[in-house]
Structures are given as C-alpha cells and as structure tokens.
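*Asks:* Sequence first, predicted coordinates after that:
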Amino acid sequence: MFEDELISRTSMQSDTQQIALGLRQGDLAVIEALVEQYQYRLVRYLIYLLGRRDGVDDLVQETWLRVLERGSSYDGHSRFEPWLFRVARNIAVDAMRKRQNLSLDSDDDDGRPPPSPASSEPSPFTLAARTEEADRLAHSLQALDPVHREALVLRFQEDLSLQEISAIVGAPVSTVASRIYRGLATLRPQFEGETA
Amino acid sequence: MNIDHHENFQHMIDESLAGGISAEREKSLRDHLHTCAPCQEYLSASNNVIAGLGGFSFEVDPSLNARVFASLRVRAQQVEAAQPRRRQWLLISLAAVVLTISGSVVDLRFGDLIASVFDIQRTQLQHGLLAFWIVPSLCVFLLFPLLPWLSKAGTRRQGRIV
C-alpha cells in the first residue's frame, strides 16, 4: 500500500515537472493538452465563484493566456490545479473590480449580506442541476456568499486540501475551514429531517 | 446528553468533512456516531449536501476550446516576434554601457594629451565628452529597464483576444 502511494506520488511529481517544463518553454502543445484536460473544471470553478454563466468564457480565455505568459512561475513541486485556479481567481477578481461589482477579498465577519442574483434569469445552478439533490440546492447555492460557494466547490468537487485552498484564496487555513462550515450550514437545512 | 455535547460532535463532523481533523478525534467521532441519532442525521444531511454539489453539470460552449487555442497561437506569435527585438535592445544597452565607460576612461587617462593635441582647454574637452559621448550613452543605458514594460504594453494593445 505504501509502495502504491509512493509510485502514485512519484508519477504525479513527474507529471507536474513535465507540465512545469512545458510551461517554462511556452510549449503550445502542452498548454493545449492542459486546456483539454482542465477546461470543464475551470468553467465550473468560475461559475461557482461568480454565481453567473455570462462572462465566464472570456475569463477562461484570459486565464489560459495568462498561463502561457506566466507559466514559468509554476514550479511543478505541487499539483497544477491549485496554481491554475489561483490564476483564474486573480483574473476574476480583477474583472469584478473593473465592473465595480463586489469584492471577494472581504472579511468573513463583516456582516455583509449575501449578494442576490444579478438578474431574473434562472441561475446557472438551476440550469445545471441534474439530480434531485442538486435541484434542491440550486436556489440556496445561488444566494450563498461567493467565498463560501468557492470553498465548497474547491473542497468537495476539486477535492483540494485546506492548505491548497488557502493558497488559492490567499486566506488562512482557519478562514477557509470556517467558510466550508458556513457553506455547509447554509445548505444543510435542505436535507434536515430526513433519514439516511 | 446536553446540546453542547452534540454541538461539539457536529463541529467535529464539519471538521472531518473539511479534512482538518486528527485521527484521534476522528475515532472519537466515529464511536459517538454509533450511538447518536441526531449526529447521524446531521452527518447524513451534510453528506447529501456534498452529493448535491456533485449533481450539477455545466454546459461548456463546444467552440470555447477552439477559441482558446486560436488566441493562444496569436499570443505565442506575438511573444515570439518580441524576442529578437528584446535581444536587439539588450545589445544596444550593452554597447551603451561600454561607450559610457570608455568615454570616462578617455577623459581620465588621455584628457590632457587630447587637449594639448587639439590645443583646447581641459574643461572644454570634458564638456564636449560629457555632452556628445558620456551623457547620451548613459541615457540609452538608463532607458533599458523601461523597455520590457513598454514592449509588453505594446503587445497587449495589439493583442486583442480572438
């Protein structure tokens, strides 16, 4: 079992080193392979972060261009996904600042009410719900604070550790954990009173 | 059992789901869950939330990848085109450093000799060297740190996303 883990870790490191090398050399074939591999997850992350679908494609495009330009800053010592999401997040935050919409960098305890949906159109979560559970969550998810939604998708969809999420969002691990607890606490009433 | 007791274990459930709990506390939580219906229900509701998060399937525009590839190629060409220009500026900057230093050396080592050959005053020679040799080459050298920034700004202005 230990050997399996070691082999898997070694293989992962070799993959990330190859990605780092490709990015350092500005190898388009490597970046295009990364686009194929991570595109859906990048789109999903940005939808969770922004709570809307429009404008996400532009941010995705901008993110990959940034990957091409600043790929040399990825050292290959850790997984690629957290680095990619951090790049995407920075671009999304810049775009939000330009739109003078809302800041993601606010403190958790500032008493700010969760932002309401930007329009009367169905939310991206309502449109994307494919299961009964997802359908029940869609509305509350849209009303959830973006930083809580972001923490939930990174932890439970991307399966990232608290430390990796902390590096993406630039907040302490304890803050990230607290955002996950609050996100779960907001969504949990949808399923309370049911047996397993 | 009192409410605080359940709250403690429910907080431990949150910690466990978030991935930040020690093995010892995890074991204590498991033991508690065997005997506590409210905490089992809390865990079940939390697991349903997590399952629900996995029940979304977002549509990705089929043409998005093609658009990304096209814009990557355009940007890569722009970056490649900027490379020789950068090398050229680097050479110019190096030449400027050499000229600045050699101008100063000429002034210090051969200033008196040159002044006597051309029958001019030493200060006149110094002013001439400063005005037409040392200061211009120094200015070219000092401009160099600004060049990458100017080049990048130019590339960005040209590089509209496809």
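*Replies:* Structure's in. What do you need?

*Asks:* okay, now the residue in chain B positioned nearest to chain A: neighbour count?
*Replies:* At 3.0 Å from chain A, residue B:55 is the closest residue in chain B, using Cβ to the nearest Cβ. For every residue, glycine as well, the C-beta is placed using N, CA and C. Residue B:55 sits with 17 neighbouring residues when counted by other Cβ atoms under 10 Å in any protein chain shown.

*Asks:* Same check on the one 10 residues further on?
*Replies:* Residue neighbour count, defined by other Cβ under 10 Å, stands at 16 for residue B:65.

*Asks:* How about the contacts made by it?
*Replies:* Counting by Cβ atoms under 8 Å, 6 or more residues apart in numbering or on different chains, residue B:65 touches A:35-36, A:39.

*Asks:* who wins for neighbours among those residues?
*Replies:* In terms of neighbours by other Cβ under 10 Å, the contacts of residue B:65 top out with residue A:35 at 19 neighbours.

*Asks:* pLDDT weak spots in the chain?
*Replies:* Going with chain A. Scanning chain A for pLDDT under 70 picks out the ranges A:1-12, A:100-120, A:194-196.

*Asks:* Not quite, go with chain B.
*Replies:* Scanning chain B for pLDDT under 70 picks out B:1-3, B:147-162.

*Asks:* for it, what spans make up the helices?
*Replies:* Ranges of helices in chain B, per DSSP state H, are B:3-18, B:23-35, B:37-53, B:64-118, B:122-129, B:135-143, B:147-158.

*Asks:* And the contacts of the first one?
*Replies:* The list of residues contacting helix B:3-18 from outside it, by Cβ under 8 Å, 6+ apart, reads A:155, A:162, A:177, A:180-181, A:184-185, B:21, B:25-26, B:28-29, B:32-33, B:36, B:38-39, B:42-43, B:46, B:50.

*Asks:* Next: the shortest one.
*Replies:* Contacts made with helix B:122-129 from outside it, assessed by Cβ under 8 Å, 6+ apart, are listed as B:103, B:106-107, B:111-112, B:114-115, B:118.

*Asks:* Could you chop chain B up by domain?
*Replies:* Following automatic domain parsing, one gets these domains for chain B: B:3-53, B:64-158.

*Asks:* So which residues on chain B come close to chain A?
*Replies:* Taking Cβ under 8 Å from any Cβ of the partner chain as the contact definition, chain B meets chain A at B:11, B:14-15, B:17-20, B:40-42, B:44-61, B:64-65, B:67-69, B:71-73, B:75-76, B:79, B:161.

*Asks:* Can I get the buried ones among these as something I can paste into ChimeraX?
*Replies:* To isolate the buried members of the residues of chain B next to chain A in ChimeraX, using 16 or more other Cβ atoms under 10 Å in any protein chain shown:
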select /B:14,15,17,18,19,20,40,41,42,44,45,46,48,49,50,51,52,53,55,56,58,60,64,65,67,68,69,71,72,75,76
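
*Asks:* Next up, the contacts around the residue positioned nearest the centre of chain A.
*Replies:* In chain A, the residue lying closest to the centroid (Cα atoms, centre = their mean) is residue A:45, at 3.7 Å. By Cβ under 8 Å, 6+ apart, the contact list for residue A:45 reads A:85, A:88, A:150, A:153-154, A:158.

*Asks:* Next: residue A:28.
*Replies:* A:68, B:72-73, B:76.

*Asks:* and it, how far is that from residue B:40?
*Replies:* Counting by Cβ to Cβ, to the nearest Å, the gap between residue A:28 and residue B:40 amounts to 53 Å.

*Asks:* swap in residue B:67?
*Replies:* Applying Cβ to Cβ, the value for residue B:67 to residue B:40 is 49 Å.

*Asks:* before we move on, what about residue B:145?
*Replies:* 65 Å.

*Asks:* Check residue A:69 too.
*Replies:* In this view, residue A:69 and residue B:40 are 51 Å apart by Cβ to Cβ.

*Asks:* Now residue B:120. Its backbone dihedrals?
*Replies:* Backbone geometry at residue B:120, expressed as degrees, to the nearest 10, gives phi -130, psi 170.
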